[in-house]
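[1] sharing a sequence plus its predicted fold:
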Amino acid sequence: MSGRRVFILSLLALPIAARAQSDEWQTVVAPDLRCRLEMPAPVNKSADAAKETGHAAGRVAWESKRDGDIFDFDYVDYDPAWFTSRDTKVMAKELGRGDAEKAFPRIKYKYLRDELVTLQGWDGYALDIEGEEGGQVMMRTYIVKDRLYRMLVTAKGDMKTRSAAVRFVDSLRLAESKQ
């Protein structure tokens, strides 16, 4: 096996070895081994062959539910140089925010986290919004080369569901770090 392949496989296995995985959680690994994360089991995978402007391929997505909360993860590959020819910080914010301000107006919802972030050196955006009864929506968007990763999770106001939401958004690991 090549050194790069051994490195990628060991990177993908690290979080599994570092934290025992209960039957309630499942590790999701992208078919091309470029990322892995943890989601509550069972996880449903879907793929959409339809491509939007700038997309090199259709969207690949995973979804799971736990106690009424939603855990969504997806990625889509863009045409070569789509992001690298643009400011990825600006793009991550625009794509991470999307229509959130319309769906979650600040007059009704509290924005707990609304900032640029990085994951393994790659540009991203974090948006956490709290509702009237303490429930939250947490969204993460990351741009890695010409791939866009998105995560969305809902959580009720209790510690158990919030811990599960944090575990999900913090579990994403990429095969490559930006130098």
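    That came in fine, so what should we check first?

[2] which regions of the chain lie under the pLDDT threshold?
    Along the chain, segments meeting pLDDT under 70 span 1-23.

[3] now name the helix or strand holding the residue nearest to the spatial centre of it.
    Nearest to the geometric centre of the chain sits Met151, at 3.0 Å (C-alpha atoms, centre = their mean). Using DSSP states H and E, Met151 sits in strand 147-155.

[4] can you list contacts of that strand?
    Residues outside strand 147-155 that contact it (C-beta atoms under 8 Å, 6 or more residues apart in numbering): 34-35, 37, 69-78, 83, 95-96, 135-143, 161-162, 164-165, 168-169, 172. Where C-beta positions appear, they are placed from N, C-alpha and C, glycine not excepted.

[5] quick one: buried ones out of these?
    Neighbour-count burial (16 or more other C-beta atoms under 10 Å) applied to the contacts of strand 147-155 gives 34-35, 37, 69, 71-78, 83, 95-96, 135-143, 161-162, 164-165, 168-169, 172.

[6] from those, which ones fall inside helices?
    Within the buried ones among the contacts of strand 147-155, membership in helices is found for 95-96, 161-162, 164-165, 168-169, as judged by DSSP state H.

[7] from the residues you listed, which single one is nearest Asp48?
    Nearest to Asp48, judged by C-beta to C-beta, of those is Leu95 at 16.9 Å.

[8] does that closest one touch Gly124 like I think?
    No - using C-beta atoms under 8 Å, Leu95 is not in contact with Gly124; the gap is 9.8 Å.

[9] tell me the SS of Glu52?
    For Glu52, the assignment made with DSSP: H, G, I helix; E, B strand; the rest coil gives coil.
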